[in-house]
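Chemist: coordinates for the following, if possible.
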Amino acid sequence: DFSDPIINKLGDVLVLGQFDDGSGLFLHDGLDAIAIAQSGDPTPKGGIYTSFFGPLTLNDRGQTAFEARFTGGMSGVFRGDRTTVTPIAVKGAAAVGTTGTFDTFGALQIGKDGSVVFIATLTIGVGGVDTSNNVGIWIGRSESDLHLVARTGQSVAGKTLTRPLSLAQLNMDQHSIVWLGRFAGNAVAIVSSDLASNLNN
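Modeler: Numbers count the residues shown, from 1 in each chain. Prediction:
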């Protein structure tokens, strides 16, 4: 079986294929299809891929950002194309901008330049993390250049963020990300974060 495919401006098509003993991400350029990653393949972080999660993402460079689970009870966010898979963040790794570690991953997007933005939760009880500050938004092209965009418990325009809800738009031309968040008092707001200031810190 197949998921709903997505297509970029160049006509590249990305689909999540399901087969008897697993699944895989397949990219077709109009001539050939290639598996970016599939169950049974080794991950760049060690271990073997076991499953993949949507929704699918694809930019006009033929790059996709995806969440995968792999052996050892691990999970992570990766960026892949026709030749390379790059780890962005994995469970248990130090979460830059905090004293905590990544636990689970949620919504994600990929920008025109290959930057990956995602929502993640932190492990409760590690590095002073509790339920008031355990969710955030990060962006990066690899593990080495990740940056924290926003985190629960911090003040945004005078309001305390209690939950980032979704990622609306990643605009690398204007160096910004638009996201939806819930704030103290159960208020909900659309926020535009300036990535230029984040990436320079």
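Chemist: residues touching Tyr49, list them.
Modeler: Neighbouring residues of Tyr49 by Cβ atoms under 8 Å, 6 or more residues apart in numbering: 22, 37-43, 68-70. In this view, the C-beta of every residue, glycine as well, is placed from N, C-alpha and C.
Chemist: scan the residues you listed and report the most crowded one.
Modeler: When neighbours are taken as other Cβ atoms under 10 Å, the top entry among the contacts of Tyr49 is Ala68 (28 neighbours).
Chemist: buried set for stretch 77-90?
Modeler: 77-81, 85-90 (16 or more other Cβ atoms under 10 Å).
Chemist: what about those residues, which are in strands?
Modeler: Judged by DSSP state E, those include 77-80, 85-90 as members of strands.
Chemist: reformat the residues you listed as JSON lines; add distance to Ser132 and pLDDT.
Modeler: Below are these laid out as JSON lines (distance: Cβ to Cβ, whole Å; pLDDT from 0 to 100):
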{"residue": "Val77", "distance to Ser132": "24", "pLDDT": "98"}
{"residue": "Phe78", "distance to Ser132": "29", "pLDDT": "97"}
{"residue": "Arg79", "distance to Ser132": "31", "pLDDT": "97"}
{"residue": "Gly80", "distance to Ser132": "35", "pLDDT": "96"}
{"residue": "Val85", "distance to Ser132": "35", "pLDDT": "97"}
{"residue": "Thr86", "distance to Ser132": "32", "pLDDT": "97"}
{"residue": "Pro87", "distance to Ser132": "29", "pLDDT": "97"}
{"residue": "Ile88", "distance to Ser132": "26", "pLDDT": "98"}
{"residue": "Ala89", "distance to Ser132": "22", "pLDDT": "98"}
{"residue": "Val90", "distance to Ser132": "24", "pLDDT": "98"}
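Chemist: want to throw these into a markdown table with distance to Val15?
Modeler: As requested, those are exported to a markdown table (distance: Cβ to Cβ, whole Å):
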| residue | distance to Val15 |
| --- | --- |
| Val77 | 19 |
| Phe78 | 17 |
| Arg79 | 17 |
| Gly80 | 14 |
| Val85 | 17 |
| Thr86 | 21 |
| Pro87 | 22 |
| Ile88 | 21 |
| Ala89 | 24 |
| Val90 | 25 |
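Chemist: closest to Leu16 out of the residues you listed?
Modeler: Gly80 (12.4 Å; Cβ to Cβ).
Chemist: from Leu58, how far out is the closest one?
Modeler: Look at Gly80 and Leu58: by Cβ to Cβ, to the nearest Å, they are 10 Å apart.
Chemist: then Arg79?
Modeler: 11 Å.
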